[in-house]
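>>> Build the 3D model from these lines:
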Amino acid sequence: MNDKPSVDPAFTFAVALAVSLVLWWPTMQNTMRGDLDITDAGIRYFLALALAWAGTYGICSLVAMYASNPRRPAPKPPGVPEAPQRRREDIQDVADITGDSEAA
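Sure thing, here's the model as predicted:
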């Protein structure tokens, strides 16, 4: 059995594409106006995609790692008394107040 946390590569890449387009938006506007060369714009998009993918993969891996290790309750130290249990009279009093005959 594989105990490594898994990250869906398609989801990671899809999120990275969306984030890279957001990062690259100002560059695209400058390119469309003619203020920036298309080669420079392509290089900037590649760098935005690489940065977005690395960040997205890192965050997804961290989330998958924590999701694969559920928290277990800490054991009670010896000598600590149990929490008090409900008395039958308490349950009956609640049933009388709420009018719920099934609570008793």
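
>>> alpha carbons only for contacts and neighbour counts from here, please
Fine.

>>> low pLDDT regions in the protein?
The chain contains residues with pLDDT under 70 at 1-5, 80-104.

>>> Go again with 80.
Low-confidence segments of the chain (pLDDT under 80): 1-7, 69-104.

>>> Which residue ranges of it form helices?
Assignment of helices within the chain using DSSP state H yields the ranges 9-33, 38-68, 88-98.

>>> Make CSV out of these and add distance to Lys76 and mean neighbour count.
Converted to CSV, the helices of the chain look like this (distance: least, CA to CA, whole Å; neighbours: other CA atoms under 10 Å):
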stretch, distance to Lys76, mean neighbour count
helix 9-33, 40, 15
helix 38-68, 24, 16
helix 88-98, 26, 12
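
>>> Would you reformat those as a markdown table and include distance to Gly79?
Shown next, in a markdown table, are the helices of the chain (distance: least, CA to CA, whole Å):
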| stretch | distance to Gly79 |
| --- | --- |
| helix 9-33 | 49 |
| helix 38-68 | 32 |
| helix 88-98 | 27 |
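
>>> can you tell me which of those comes nearest to Pro78?
Among the helices of the chain, helix 88-98 comes nearest to Pro78, with 28.2 Å by CA to CA.

>>> Alright, calling it a day.
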